[in-house]
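Colleague: Provided below for reference: sequence and predicted model.
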Amino acid sequence: MNQPHVAILDDEPEIRQMLAQALGDAGFRTSCFARATEFEAALKHATPDVCLVDLGLPDRDGLALVHRLALESGATIIIISGRAQVQDRVTGLELGADDYIIKPFEPAEVVARIRARLRRPASFAGSASAETARFNGWTAHFDRYILTRSDGAEIPFSHAEGEVLRLFLESPKRLITRTQMQDSLGGAAGESFDRAMDVRISRLRTKLGEDPRNPRLIKTIYGAGYIFLGDVTWH
């Protein structure tokens, strides 16, 4: 089995060394970067499974980098930051991060969060081996993070949006509660998780051409959760 690859982007050498040691002991491959320019250059050759990104970078705005990674890379993105305000966490998640870990942290916590992100829960893993789903004139390519419309137009989606979309496509025409979403997708329950889900679902609706006032595919059941009403086939 291939070892999952984790890229660590942090300008503090002690943090990089601590994380690389803990992740190596846990069976992960790691690459460490002190600057965003080095990190971005490496991404041109290979995309890691997980990116750990510090927001306080010397040569890039960390949040802007997280947003671009979410749109382009397909990797799981976990922010590691000393910014502990709720609004900082909400902003990071809204821009596409999958999780947010506040410094100082225990290395074991980071390892556990990464494992949770890479592990698909059994209750939603019925189609885990399939990478393409067709529904209502759309095709979702989870290996390329692309939605293909019936006219052939291609629309990219982020890893975070893909997690939500896959959750819906694996359980069509069934109520998915907020609790089920939190259990499946990980992250701490609360305002920041709810806001992040609202943003991801809103973006998916926009990409699917949904009327936000009367969506046909992703229905909100107020006080309960969501139902995906499409007819889905996996390939």
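Modeller: Looks like it arrived, so ask away.

Colleague: what residue lies at the spatial centre of this protein?
Modeller: residue 160 (2.8 Å; C-alpha atoms, centre = their mean).

Colleague: so what's that residue up against?
Modeller: Residues touching residue 160, when contacts are defined by C-beta atoms under 8 Å, 6 or more residues apart in numbering, comprise 70, 77, 93, 96-98, 196, 200. Where you see a C-beta, it was placed from the backbone N, CA and C, and this is true even at glycine.

Colleague: so which of the residues you listed would you say is closest to residue 42?
Modeller: Comparing these against residue 42 with C-beta to C-beta picks out residue 77 as the nearest, at 15.2 Å.

Colleague: so where's the protein uncertain?
Modeller: 1, 119-129, 186-192 (pLDDT under 70).

Colleague: Can you name the element that comes right after the lengthiest helix in the chain?
Modeller: Of all the segments of type helix in the chain, defined by DSSP state H, the longest one is helix 191-207. Remark: after helix 191-207, the chain's next helix or strand is strand 218-221, criterion DSSP states H and E.

Colleague: so how far is residue 138 from the residue lying farthest from the centre of the chain?
Modeller: Most distant from the centre of the chain: residue 151, at 27.5 Å, with distances by C-alpha atoms, centre = their mean. Note on residue 151: its distance to residue 138, by C-beta to C-beta, to the nearest Å, is 11 Å.

Colleague: Equivalent analysis for residue 33, please.
Modeller: Between residue 33 and residue 138 the computed distance is 36 Å (C-beta to C-beta).

Colleague: Comparing these two, which shows the higher neighbour count?
Modeller: residue 33 (23 against 20; other C-beta atoms under 10 Å).

Colleague: so the closest residue to the more buried one other than its chain neighbours is in which element?
Modeller: With C-beta to C-beta, 6 or more residues apart in numbering as the criterion, residue 33 has its nearest non-adjacent residue at 4.0 Å, and that residue is residue 39. Residue 39 belongs to helix 36-43 when assigned by DSSP H and E.

Colleague: For that helix, buried residues please.
Modeller: Of all the residues in helix 36-43, those buried under the rule 16 or more other C-beta atoms under 10 Å are 36, 39-40, 43.

Colleague: So which elements touch that helix?
Modeller: Helices and strands touching helix 36-43, as assessed by 3 or more C-beta pairs under 8 Å, 6 or more residues apart in numbering; DSSP states H and E, comprise strand 5-9, strand 29-33.

Colleague: go with 10 Å
Modeller: For helix 36-43, the helices and strands in contact under the criterion 3 or more C-beta pairs under 10 Å, 6 or more residues apart in numbering; DSSP states H and E are strand 5-9, strand 29-33, strand 50-54, helix 62-72.
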